[in-house]
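Please find the sequence and the predicted model below.
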Amino acid sequence: MEDINKAKKVLNNANQNIKEFGTAKINISLNEGFIRVEHEEGGSLAEWNASKGDWDKIWKTINKLVIKNNGVSLWLTEKGK
């Protein structure tokens, strides 16, 4: 019984450290001015003819989240940020 209680405490502590639950994966591509967001298992989630700057806006959003959560971004590293 003591082992079960220890395991519950470990799981509880781990869950408190997780800020976003679940598992997901997407692929975002820019091809000849067309942006497509696809689900890992296939199927398009979103697609549009990109306006100038859309790709940069996607990266700006990603990098904003990286900075907010003390993550790592190759682009930010290369820029010395």
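The structure has been received and is ready for your questions. Residues are numbered from 1 along each chain as shown.

How about the most centrally placed residue in the chain: what's its closest non-neighbour residue?
In the chain, the centroid-proximal residue (Cα atoms, centre = their mean) is Ile62; its distance is 7.3 Å. Sequence neighbours aside, Ser73 is the residue nearest to Ile62 in space, at 7.2 Å (criterion: Cβ to Cβ, 6 or more residues apart in numbering). No exception for glycine: its C-beta is placed from N, CA and C like everyone else's.

Next, give phi and psi for that neighbour.
The phi/psi pair for Ser73 (degrees, to the nearest 10) reads phi -140, psi 130.

those strands in the protein, which residues are they?
For the chain, the strands defined by DSSP state E occupy 26-31, 34-39, 44-49.

Give me the residues contacting the last one.
This points to strand 44-49. Identification of contacts with strand 44-49 by Cβ atoms under 8 Å, 6 or more residues apart in numbering yields Ile26, Gly33, Phe34, Ile35, Arg36, Val37, Glu38, His39, Asp54.

ok, the closest residue to Ile35 other than its chain neighbours - contacts?
Closest residue in space to Ile35, ignoring its immediate chain neighbours: Ala50 at 4.7 Å, by Cβ to Cβ, 6+ apart. By Cβ under 8 Å, 6+ apart, the contact list for Ala50 reads Leu30, Gly33, Phe34, Ile35.
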